[in-house]
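Colleague: Coordinates only, no sequence provided:
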């Protein structure tokens, strides 16, 4: 019953294997976290799972269909959404418009309808705007409805990306370090948001450094180390896994030495 | 080898050498500033036209040529200082348009300072054609090829063996790191514009005895030099030379064996093909955009 | 800013319609009508080009090629093959749309400088071919073009053309504004904002870019065909690199990402050479200087800079 399945997934950059022979399955419900030290290949993996990188080897299946090697918009159409570690906000548009763009896949209008301004288009636009407003409320950004995106604070922008990704009604939402750069209060808000998302039936994949956050909110965890799978399982079992402890604490011990 | 083929090859090498010099100018500037300098062709034009004027005033050719190169270098420095420097952070479109604007401005000024006629330049060592294996070549062609080789060698030495040259190379690889090492990126940019202007002027002076010079020779030469740079791989010095020679040869061969009316189309057709199929060119490599 | 656009849209179109309707009162003789018509035709091209450059964030240094093909296509079909002008115009425009689609798909995968050079190469090739195929095109000296005739009546005289071009200009502005405010237009602006994020949200970036490219080519070809029939003559220079640059300059000067900016840019830069006719020799110098100075001092373009000065900023 897995939503996403990766098989023997590898990505090479000029001789460096960023990701190596990864094999894992992401269920259709719940929060699945991917953790690992810096350089472990987490963002590369996310890029692979959204079609931004083409795998050097291996396969990706989503919802029963193979998506290996297809362009990002095919992944989006299949139901994969994502946010970015380095914000990729459309700064040339307002906050509301950012979210409205997220609905692109669900509001296909023909070129003729756009050019000639069919009445059906006006109706669709109103619906789009309403849904975008609702999503902004959902992520707690209701007061930014009319704001220009380039004036918003960092924490708000991170949530704006989530609202935009949700507008596409994804089956799977990949969050790339949503809590990075946030203070403890904002981090708590993100945790609550993730829980609300999971409750809404969206499968969430979380890439994070913040161990407390990860362990507190995840159902399953995948641990990467130098691009390879180190461990996979429930949050509890991963926390107790000796290999994981060695990879993390071993490094921490060295860092503190 | 048939004399005809040899003839085409020789004329191709001659034109190719000029394209190589212009392409080198493009690459040097692109490397240090990520700017495509559309005014590169005008440097070629100014070099030739200025030399013509200075000779008319009575100066001997070598002196006229040296002064013309110096003058063109100043124009290049001015272009960097007053135009490019001002718009450095802007979008690609802006950067492109401003150098296009500069090239139009320079051409307009040239038509006023000089005239719109064709002007010959005396050949460096006479006009008597030399026979080589059934083909003939004018001595000027040998000058073109020879001086180009010398210039390329000199540049190679400059970039690989001198501190200034290495500083410029470093800047092209990683600007921030270069700055942290104390290299003045501003100065590197200035030098690259000046150097490219000098190269362009040199090319203009070399080719003027063969093809004559006029106020608008810069347009086609600039575009073709650019096509050569793309063919070889934008930003690569060896690529520029390779691309220039290859373009010259391909042009000469197709003009000879296919159709001379469409000679110019060859350059742009090749450029399009390279851009679509192999944007990195013969030598260059693609860069990966990190997200 | 969005609410501002809505009123700007209605107000802007009304203002433009008023200008077009009332301008003839100020046009003293046929020469002025001629300039106004040229402004209108250039503006149509620029509106399309602005969608590509300003909104989608792409660039084309070869759009005069589409203009020239539209012009020559219609000219050749009417002059050499006896087609009725409207049919020829439609056929030429369709042909250019097809070419733009075929060429656009591989080219628009390129970005920045590479895209610029690819479009430049395309434009130059078109202009060389037009110049060389002299049996068909009359070569470098050009060819004469029969006038446009609607339902058997030849459209002649500056006044008639003025109204036709004025109406078409309003239509072009309307279409452009509609597109910008549609989901497709949002997708374009998203592409400009962050191509990666746009892709991830489901926007097929190449397809969108090609769509705008083809649309802008259609605008250019139509304007080209109309110019040919209006002038009664067409030369390969109309497809030249220089003309492509003039068009881009009009868009950049008027204001990228501004439909009305494109119209203003076309107006100013079409009239400038006319005003400078006295200083004909200085035309290039002035043009080049204008290009450079605009970019240095008004990098957003004329209209957006003015708009930012006078329009209230919406803040929350």
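Modeller: Okay, I see it. Everything numeric here is computed off the predicted structure, so don't read it as measured data. Numbering: from 1, shown residues only, chains lettered A, B, ... in the order given.
Colleague: only C-alpha atoms for contact and neighbour calcs from this point on.
Modeller: Fine.
Colleague: Pull out the buried residues from the helix or strand of chain B with the lowest mean pLDDT.
Modeller: Scoring the helices and strands of chain B by mean pLDDT, DSSP states H and E places helix B:175-180 at the bottom, with a mean of 77. Under the neighbour-count criterion of 16 or more other C-alpha atoms under 10 Å in any protein chain shown, helix B:175-180 has B:175, B:178 buried.
Colleague: list the helices and strands it packs on?
Modeller: Packing partners of helix B:175-180 (3 or more C-alpha pairs under 8 Å, 6 or more residues apart in numbering or on different chains; DSSP states H and E): helix B:163-173, helix B:185-211.
Colleague: Pick the most buried one from these.
Modeller: helix B:185-211 (a mean of 25; mean count of other C-alpha atoms under 10 Å in any protein chain shown).
Colleague: and the next element down the chain from that one?
Modeller: helix B:217-232 (DSSP states H and E).
Colleague: Quick check on the residue nearest to residue B:117 when sequence neighbours are not counted: phi, psi?
Modeller: Nearest non-adjacent residue to residue B:117, counting by C-alpha to C-alpha, 6 or more residues apart in numbering or on different chains: residue B:214, 6.0 Å away. Per-residue torsions, residue B:214: phi -160, psi 180 (degrees, to the nearest 10).
Colleague: What about residue B:214, how many residues nearby?
Modeller: As a burial measure, residue B:214 scores 22 neighbours (other C-alpha atoms under 10 Å in any protein chain shown).
Colleague: Now distance to chain A and mean pLDDT too, for the helices and strands packed on helix B:175-180, in a markdown table please.
Modeller: Listed next are the helices and strands packed on helix B:175-180 as a markdown table, based on distance: least, C-alpha to the nearest C-alpha, whole Å; pLDDT from 0 to 100:
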| stretch | distance to chain A | mean pLDDT |
| --- | --- | --- |
| helix B:163-173 | 17 | 79 |
| helix B:185-211 | 27 | 90 |
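Colleague: Now distance to residue C:127 too, for these, in CSV please.
Modeller: Below are the helices and strands packed on helix B:175-180 laid out as CSV (distance: least, C-alpha to C-alpha, whole Å):
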stretch, distance to residue C:127
helix B:163-173, 35
helix B:185-211, 23
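Colleague: Local confidence estimate at the residue nearest to residue B:234 when sequence neighbours are not counted?
Modeller: Leaving aside its chain neighbours, residue B:234 sits nearest to residue B:27 (6.0 Å; criterion: C-alpha to C-alpha, 6+ apart). Note for residue B:27: predicted pLDDT of 88.
Colleague: near chain B, which residues of chain A?
Modeller: For chain A, the residues in contact with chain B (C-alpha under 8 Å from any C-alpha of the partner chain) are A:84, A:86.
Colleague: How far away from the center of its chain is the least confident helix or strand of chain B?
Modeller: Centroid displacement of helix B:175-180 relative to its chain, using C-alpha atoms, centre = their mean, to the nearest Å, is 28 Å.
Colleague: same question, stretch A:146-153
Modeller: Here stretch A:146-153 is found 22 Å from its chain centre; the criterion is C-alpha atoms, centre = their mean.
Colleague: do it and chain C meet at all?
Modeller: Yes: Stretch A:146-153 lies within reach of chain C by C-alpha under 8 Å from any C-alpha, at A:146-148.
Colleague: Which of the residues in that stretch are classified as buried?
Modeller: A:146-149.
Colleague: what are the ranges of the strands in the chain?
Modeller: With no chain named, the answer covers chain A. A:2-13, A:16-27, A:31-35, A:57-62, A:65-66, A:80-82, A:172-176, A:203-207, A:220-225, A:228-234 (DSSP state E).
Colleague: The chain in question should be chain C.
Modeller: Using DSSP E, strands in chain C cover C:143-144, C:149-150, C:153-154, C:233-234.
Colleague: do the stretch 1-150 of chain B as well
Modeller: B:130-132, B:135-137 (DSSP state E, counting those that start in this stretch).
Colleague: out of those, nearest to chain C?
Modeller: Closest approach to chain C among the strands of the stretch 1-150 of chain B is made by strand B:135-137 (29.0 Å; C-alpha to the nearest C-alpha).
Colleague: surely the residue nearest to residue B:234 meets residue B:240?
Modeller: Yes: counting by C-alpha atoms under 8 Å, residue B:27 touches residue B:240, with 6.9 Å between them.
Colleague: which residues sit in contact with residue B:268?
Modeller: Counting by C-alpha atoms under 8 Å, 6 or more residues apart in numbering or on different chains, residue B:268 touches B:224, B:227, C:121-122, C:124-125.
Colleague: switch the cut-off to 6 Å
Modeller: Counting by C-alpha atoms under 6 Å, 6 or more residues apart in numbering or on different chains, residue B:268 makes contact with residue C:121.
Colleague: where does it land on pLDDT?
Modeller: Residue B:268 is assigned 87 on the pLDDT scale.
Colleague: okay, residue B:27 and residue B:240: which has more neighbours?
Modeller: Neighbour comparison, residue B:27 and residue B:240: the larger count goes to residue B:240, with 34 against 30 (by other C-alpha under 10 Å).
Colleague: ok, and for stretch C:263-270, which residues are buried?
Modeller: So, applying 16+ other C-alpha under 10 Å, buried residues of stretch C:263-270: C:263-267, C:269-270.
Colleague: For residue 12, grab the count of nearby residues.
Modeller: You didn't say which chain, so I picked chain A. Around residue A:12 there are 14 other residues, counting by other C-alpha under 10 Å.
Colleague: Let me rephrase: I mean chain C.
Modeller: Neighbours of residue C:12 under the rule other C-alpha under 10 Å: 16.
Colleague: can you put the strands of the stretch 1-150 of chain B in TSV and add distance to chain C and mean neighbour count?
Modeller: Shown next, in TSV, are those (distance: least, C-alpha to the nearest C-alpha, whole Å; neighbours: other C-alpha atoms under 10 Å in any protein chain shown):
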stretch	distance to chain C	mean neighbour count
strand B:130-132	34	12
strand B:135-137	29	17
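Colleague: Can you add distance to chain A and mean pLDDT and give those back as TSV?
Modeller: Shown next, in TSV, are those (distance: least, C-alpha to the nearest C-alpha, whole Å; pLDDT from 0 to 100):
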stretch	distance to chain A	mean pLDDT
strand B:130-132	47	81
strand B:135-137	47	81
